[in-house]
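A structural model of the following input is requested.
(2 chains)
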Number of protein chains: 2
Amino acid sequence: MQKTALVTGGAGFIGSHLCERLLGEGFRVVAVDSLLTGSLENLASFKENPAFTFVERDVRDATEAEFASCKFDEIYNLACPASPVHYQADPLRTALTSIKGILLSLSLARRDGAKLLHASTSEIYGDPLQHPQKEEHWGNVNTIGIRSCYDEGKRMAETLLCDHIRTYGTDARMVRIFNTYGPRMHPQDGRVVSNFIVQALADADITIYGDGSQTRSFQFVSDLIEAMRKYMALGKDEVRAFFSARGFIAPVINTGNPDERTVKELAERTLALIPESKSKIVLKPLPGDDPKRRKPDISLAKTLLGWEPRVTLDEGLAKTVEYFKARKETSK
Amino acid sequence: MQKTALVTGGAGFIGSHLCERLLGEGFRVVAVDSLLTGSLENLASFKENPAFTFVERDVRDATEAEFASCKFDEIYNLACPASPVHYQADPLRTALTSIKGILLSLSLARRDGAKLLHASTSEIYGDPLQHPQKEEHWGNVNTIGIRSCYDEGKRMAETLLCDHIRTYGTDARMVRIFNTYGPRMHPQDGRVVSNFIVQALADADITIYGDGSQTRSFQFVSDLIEAMRKYMALGKDEVRAFFSARGFIAPVINTGNPDERTVKELAERTLALIPESKSKIVLKPLPGDDPKRRKPDISLAKTLLGWEPRVTLDEGLAKTVEYFKARKETSK
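Numbering: from 1, shown residues only, chains lettered A, B, ... in the order given. Here you go, the predicted model:
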């Protein structure tokens, strides 16, 4: 029988790739998105698919009752602005999106006996005290800093999810997503990969905040989607057993690419892929609370899912450059 | 003109002392409490005061509109079960009490141009990596542990408060309250002070979790109330200037007694105050995520408020023992 999936944030960068993958696997897909940072353009390649339904709705306002006519088999909670420039624009909205989004997803999962996959983030580690970061790391987050609307909102969502599992036995899982890039990234979201490509294509200065020695690990979006699908293919008991054997209260895995690069190296590789660019690299001051190093330990995901990232940085960057080039052509 | 104060959690241990103090200073006081852990008994000495109004209401359900007929000058947000035994009983409720309580308080403060004092907690430091704890410490909290409903809920409340200040200029302040004790503590809340006294008065075993070497700093409730009132006596600009000069985004001070004691010493002193008790000290295993050391650095409060705790542990314990003895007599 055809299964039905709900994807909150379904018109976003990651959400739209997930919808496309689920449709390809034969799911009916309901995507909910406020279009604050997501866009209909991201849905272009599959929006005419009869198995796809788009609902323009803010998860802060949505209620379980609005989905009375649906019965979901799988729920993916991805709604939330995820780049500093977007999530800091309206910090109260950001925090409430995290909180209300997970509460809605949990209550629907409980109602329908659905599997729920929540998109958490490496940001819950803040400026980590452990490197690389294992799931056991409690994180180092400033509750009253300018990133806290996102970091604390996402931490709160993890807590609510765990307590829902403990209280109701909900079949909920979490992935802590590390930096992810690829086609359909928001061109103005201020993240390094899209920033650098957009700047290089426009012959504008390539801006590095700080001295560029801070590291990130860049995961290509298709690797993430693969991890999410593999995780959701597992049964509840299997997941539960795996994590309780390791002393975890909740099923949580890091997904990311441990291939650590400095921001400076990323800028140089981007420029190498766009040889026609006249851009130069310039340094600017680091904003508040910017994490200095971030690299996932993905041992748990490897063991549980038999998964690891496959797309190299050069391959992924080339595809992303191609996307932004095409986008620039279209908008001419 | 007579001022009006709102106290959420007004029938609780700390809330009821605050209401009493505000009434004594000539305020009209509206206390809101779900009576989940608070009790009408705590209000006995002032509930007939015509300046006092009690509203039995859960802050999770309350709305700004319900308070349309009030205009508040000062708002104190104290609602939330605060002892592990209570806050872990219904963890989702606990987290939502923190979140909804601060949102209600912030929106009322904004509506009325009121001063808001939010009761945060030393628990936001988790198992701290710094000793004693300064306000700058980011804390060490497990997002998916059994204490996280309280710790993360309280961290989220701090974040929402800061973002409300940044977004609307709300006149909101925070105190991070360290262990506080005194008359009207809930006898069954599982905290060390009340536990030990209740056990000693009942000739029952005095249970120490762990080996008793973990430390706590015990603040007598009247010292806390004094700090809260001094903090609220300051003007918005004065508070803002003090904290921005120190690089703080939000006005936050620790309140507690830096007089650090081991839990074992507390047990011994309690027994010394109840010489007739036949109780013996017994050790039990430490529960999950229990913080090993906790001691406030109160330099900021000293400088800003000219405040420091005055009540010694022996004085405070004697008053608390007296309260529990009287309570036991009454219930005979």
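
Which residues does the helix or strand where A:K264 lies contact?
Using DSSP states H and E, the element containing A:K264 is helix A:263-273. Helix A:263-273 is contacted from outside by A:192-193, A:196-197, A:200, A:206, A:208-216, A:218, A:277, A:279, A:281, A:313-314, A:317-318, A:321, using C-beta atoms under 8 Å, 6 or more residues apart in numbering or on different chains. The C-beta positions use only the backbone N, C-alpha and C, and glycine is treated the same way.

shouldn't A:L43 be in contact with A:A11?
Yes - assessed by C-beta atoms under 8 Å, A:L43 is found in contact with A:A11 at 5.7 Å.

Compare neighbour counts for the two and give me the winner.
With neighbours defined as other C-beta atoms under 10 Å in any protein chain shown, A:L43 and A:A11 compare such that A:A11 has more, 28 against 22.

how far away is the closest residue to the more buried one other than its chain neighbours from chain B?
Distance criterion C-beta to C-beta, 6 or more residues apart in numbering or on different chains; nearest residue to A:A11, sequence neighbours excluded, is A:G38 at 3.2 Å. From A:G38 across to chain B, the span is 22 Å (C-beta to the nearest C-beta, to the nearest Å).

go on, A:E329?
39 Å.

so where does the residue nearest to A:A11 fall, helix or strand?
Here A:G38 is assigned to no helix or strand, by DSSP H and E.

what comes up buried for the helix holding A:K264?
For helix A:263-273, the neighbour count (16 or more other C-beta atoms under 10 Å in any protein chain shown) marks A:V263, A:K264, A:L266, A:A267, A:T270, A:L271, A:L273 as buried.

Give me the local confidence score for the fourth one.
What it means is A:A267. Looking at A:A267, its pLDDT reads 96.

thinking again about what came up before, where do the contact lists of A:L43 and A:A11 overlap?
In contact with both A:L43 and A:A11: A:A31, A:F54, using C-beta under 8 Å, 6+ apart.

residue contacts, the residue lying closest to A:S105 once chain neighbours are set aside?
Once flanking residues are discounted, A:S105 sits nearest to A:N77: 4.0 Å by C-beta to C-beta, 6+ apart. With contact set as C-beta under 8 Å, 6+ apart, A:N77 has these partners: A:T8, A:G9, A:G101, A:I102, A:S105, A:L116, A:L117, A:H118, A:A119, A:A157.

For the second one, list the residues it contacts.
With C-beta under 8 Å, 6+ apart as the criterion, the residues that contact A:G9 are A:G15, A:V32, A:D33, A:G38, A:V59, A:N77, A:L78, A:A79, A:C80, A:G101, A:A119.

Please apply the same query to the third one.
Contacts for A:G101 (C-beta under 8 Å, 6+ apart) come out as A:T8, A:G9, A:V59, A:R60, A:N77, A:A79, A:C80, A:A157.

Any chance you could list what contacts stretch A:78-91?
Here stretch A:78-91 has contacts from A:7-10, A:12, A:14-15, A:18, A:32-34, A:36-37, A:59, A:94, A:97-98, A:101, A:119, A:121, A:146-150, A:153-154, A:186, A:188-191, A:287, B:163, B:166-167, using C-beta under 8 Å, 6+ apart.

ok so, going back, give me the distance between the residue nearest to A:S105 and B:E152.
17 Å (C-beta to C-beta, to the nearest Å).

Where does the prediction get shaky in the stretch 1-150 of chain A?
Counting by pLDDT under 70, the stretch 1-150 of chain A shows no low-confidence range.

count of residues packed around A:L36?
Neighbourhood size, A:L36 [other C-beta under 10 Å]: 19.

Repeat that for A:Q2.
Neighbour tally, A:Q2, other C-beta under 10 Å: 8.

Over to A:Q130?
By other C-beta under 10 Å, neighbour count at A:Q130 equals 14.

can I assume it is in contact with A:W138?
No - if you go by C-beta under 8 Å, A:Q130 and A:W138 don't touch, sitting 9.0 Å apart.

just the CA coordinates of the host helix or strand of A:L116, formatted as CSV?
Taking DSSP H and E as the definition, A:L116 sits inside strand A:115-121. Extracted in CSV, the C-alpha atoms of strand A:115-121 (Å, rounded to 0.1, in the frame of the first residue of the first chain):
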residue,chain,number,x,y,z
LYS,A,115,7.6,7.1,12.6
LEU,A,116,9.0,10.6,13.2
LEU,A,117,12.4,11.9,12.2
HIS,A,118,13.4,15.2,13.7
ALA,A,119,16.0,17.3,12.1
SER,A,120,18.2,18.5,14.9
THR,A,121,21.5,20.2,14.3
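
what's the helix or strand that that strand is followed by packed up against?
Remark: after strand A:115-121, the chain's next helix or strand is helix A:148-168, criterion DSSP H and E. Other elements packing on helix A:148-168 under the criterion 3 or more C-beta pairs under 8 Å, 6 or more residues apart in numbering or on different chains; DSSP states H and E are helix A:84-87, helix A:91-112, strand A:115-121, strand A:172-177, helix B:91-112, helix B:148-168.

Pipe those into TSV and attach distance to B:I225 per row.
TSV is the format used below for the helices and strands packed on helix A:148-168 (distance: least, C-beta to C-beta, whole Å):
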stretch	distance to B:I225
helix A:84-87	38
helix A:91-112	30
strand A:115-121	39
strand A:172-177	41
helix B:91-112	18
helix B:148-168	20
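
Near chain B, which residues of chain A? Just list them.
A:90-92, A:95, A:99, A:124, A:126, A:129, A:138-146, A:148-149, A:152-153, A:155-156, A:158-160, A:162-164, A:166-167, A:248-250, A:252 (C-beta under 8 Å from any C-beta of the partner chain).

Look up phi and psi at A:T312.
phi -70, psi 160 (degrees, to the nearest 10).

Identify the residue nearest it in space, chain neighbours excluded?
Using C-beta to C-beta, 6+ apart, the closest residue to A:T312 is A:D259 (7.7 Å).

and that neighbour, what does it touch?
If you count contacts by C-beta under 8 Å, 6+ apart, A:D259 has them with A:S217, A:F218, A:P309, A:T312, A:L313.

Then A:Q2?
Counting by C-beta under 8 Å, 6+ apart, A:Q2 has contacts A:G26, A:F27, A:R28, A:A51.

name the element A:L283 belongs to?
Per DSSP H and E: strand A:281-284 holds A:L283.

thought A:K154 was touching A:A95?
No - with contact defined as C-beta under 8 Å, A:K154 does not reach A:A95; the gap is 9.3 Å.

re earlier: just the buried positions in the strand holding A:L283, please.
By 16+ other C-beta under 10 Å, the buried positions in strand A:281-284 come out as A:I281.

what's the closest non-adjacent residue to A:G182?
A:V221 (3.4 Å).

swap in A:N179?
Using C-beta to C-beta, 6+ apart and skipping the chain neighbours, the partner closest in space to A:N179 is A:R216 (4.9 Å).

So in terms of bridging, what pairs with the one you found?
A:R261 (DSSP bridges).

Any idea how many residues pack against it?
Counted with other C-beta under 10 Å, A:R216 comes out at 24.

try A:A233
With other C-beta under 10 Å as criterion, A:A233 counts 10.

Kindly provide the distance from it to B:E260.
On the measure of C-beta to C-beta, A:A233 and B:E260 end up 52 Å apart.

distance between stretch A:58-70 and the chain's centre?
When distances are taken as C-alpha atoms, centre = their mean, to the nearest Å, stretch A:58-70 is centred 22 Å away from the chain's centroid.
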